[in-house]
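>>> predicted model, plus sequence, below.
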Amino acid sequence: MPKRLIFNAFSMNAVSHVYHGLWRHPETRQTELNDISAWVELARILERGKFDSLFLADALGLDSGHNGSWDIYAEQGIHFPVNDPTVLAAALITSTEHLGLAFTSSILQSHPFDFARRVSTLDHLSRGRIGWNIVTSTSRNAAQNFGFDAPVPHDERYRWADEYMAVVYKLWEHSWEQDAVVADPVAGRYADPRKIHAIDHQGERYRVRGPHLSSPSPQRTPFLIQAGSSTAGRAFAERNAEATFVVCLTPEAARIAISGLRAGLVRAGRRPEDLLVFQGLSFVVGSTEEEAARKARALDEYVSTDGLAAHVGRDLGIDFGLLDPDKPVADFNIEGLQGFTRFYEEAHPGKKARLADLVTAMSYNGRIVGTPEQIAHRLALWQEAGIDGVNVAYQTTPGSFVEFIDHVMPVLARRGLAQTEYAPGTLRERFFPGGEARINARHPARRSD
């Protein structure tokens, strides 16, 4: 039997996340972002479908990234308004029993001492179901919202991230010994002070005395996710991440990318199997190929191509609204687009990529349209290429997830590609069967044990 795939529902506590314009669809609950019942419904659907986790993205700023303004982001609800994903994750703990709850949090937004306690609290209350997507924030407006005139330069951000991680690792892994809590009512001792330690961190940005205010949670360190794409970002992920996200155009492209990631782990003193790779995909399911294509066309009637361009352009630091979308990418000589242009042209032999092609491809290259059997076959090809799981993006919510769970998951389960029951243990133990709840000893968080 093949190794089963991990399935994460990819969402955001915002109106519009990936497929912009579809918030107008009559069968989606996207405009109910502030209604906890919509999120409880989604979480319970995902748990019924044996999804591994709900992964919540985030944004910290509203940049003027399209036509020189931020108007389109407000008009179309593109990652704005957006609520705090850590609070939403906390609210969903009591509505779920098995579903992992992962969220994005930037080093920019919280002091590591405060953040470490918040995460430990969530991990305690969820019995070890918490994951953290580590980001460094490139948004100019996000920087301005936290007291900077402009984003911190790229390599400096990753030096900052290295220190941030050093602080939280010391708090989570080294402040309390594993047997520090004795809870002995006869002796009148809850914890042994000899086994609780200050961390005495003195660094470039932080001075933290400690000790950590929370006792060790089931995972101690949450399950760690990071998706850096630059040289510095990849090196940071190779040192720290237990999972990373990719958006490859083809399974073969994924095979090449994954090989490079696993080689980087070895250079960082870890093992290739210490990192899980999740490919971003979305699905349109039909009982026949023709029905699936018809449903896809109906969904696409709601899509805003300007919204897609505003999203992609902001992430790349390029204002697509000021450029001719029909011109070849090569005409612009934009360094940040060259890698993705190469991937696009390799996947479309003989075709020179236009800006419009890249905008669409970045959202649609990972959409699979077909019958449950066709989708399962495609997912098997991705699994053979080396991915460990899928970040499932929605087009309508919860509808996209319901269709996938009701029609595709049973086919995947018969092929051994999807779980039919939750394994016991924490999120980390389910992601790494046979491992322990605590992050493994090869990870830098544990190396000073």
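That came through, no problem. Note that the coordinates shown come from a computational prediction; the quantities given were computed from them, not determined experimentally. Numbers count the residues shown, from 1 in each chain.

>>> could you use CA atoms for every contact and neighbour count after this?
Noted.

>>> report pLDDT for residue 339.
Per-residue pLDDT puts residue 339 at 62.

>>> where exactly do the strands run in the stretch 101-250 of the chain?
Using DSSP state E, counting those that start in this stretch, the strands found in the stretch 101-250 of the chain span residues 130-135, 181-184, 189-191, 201-202, 207-208, 223-225, 243-246.

>>> make TSV out of those strands and add mean pLDDT.
Formatted as TSV, these follow (pLDDT from 0 to 100):
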stretch	mean pLDDT
strand 130-135	98
strand 181-184	97
strand 189-191	97
strand 201-202	98
strand 207-208	98
strand 223-225	98
strand 243-246	94
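
>>> and these as JSON lines, adding mean neighbour count and distance to residue 150?
As requested, the strands of the stretch 101-250 of the chain are arranged in JSON lines below (neighbours: other C-alpha atoms under 10 Å; distance: least, C-alpha to C-alpha, whole Å):
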{"stretch": "strand 130-135", "mean neighbour count": "24", "distance to residue 150": "17"}
{"stretch": "strand 181-184", "mean neighbour count": "13", "distance to residue 150": "45"}
{"stretch": "strand 189-191", "mean neighbour count": "13", "distance to residue 150": "45"}
{"stretch": "strand 201-202", "mean neighbour count": "14", "distance to residue 150": "26"}
{"stretch": "strand 207-208", "mean neighbour count": "16", "distance to residue 150": "24"}
{"stretch": "strand 223-225", "mean neighbour count": "24", "distance to residue 150": "26"}
{"stretch": "strand 243-246", "mean neighbour count": "20", "distance to residue 150": "27"}
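
>>> any chance of TSV for these, columns distance to residue 72?
Formatted as TSV, the strands of the stretch 101-250 of the chain follow (distance: least, C-alpha to C-alpha, whole Å):
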stretch	distance to residue 72
strand 130-135	24
strand 181-184	53
strand 189-191	54
strand 201-202	44
strand 207-208	41
strand 223-225	30
strand 243-246	27
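
>>> out of those, nearest to residue 332?
strand 243-246 (25.4 Å; C-alpha to C-alpha).

>>> show me what that closest one is packed up against.
Judged by 3 or more C-alpha pairs under 8 Å, 6 or more residues apart in numbering; DSSP states H and E, the packing partners of strand 243-246 are strand 223-225, strand 276-285.

>>> 6 Å instead, please
If you count contacts as 3 or more C-alpha pairs under 6 Å, 6 or more residues apart in numbering; DSSP states H and E, strand 243-246 packs onto strand 276-285.

>>> report the next helix or strand after the strand it packs on in sequence order.
helix 289-300 (DSSP states H and E).

>>> other SSEs contacting that following helix?
Against helix 289-300 (3+ C-alpha pairs under 6 Å, 6+ apart) you get strand 367-370.

>>> show me what the helix or strand that the strand it packs on is followed by is packed up against.
Downstream of strand 367-370, the first helix or strand assigned by DSSP H and E is helix 372-385. Helices and strands touching helix 372-385, by 3+ C-alpha pairs under 6 Å, 6+ apart, are helix 251-267.

>>> cool, thanks, signing off.
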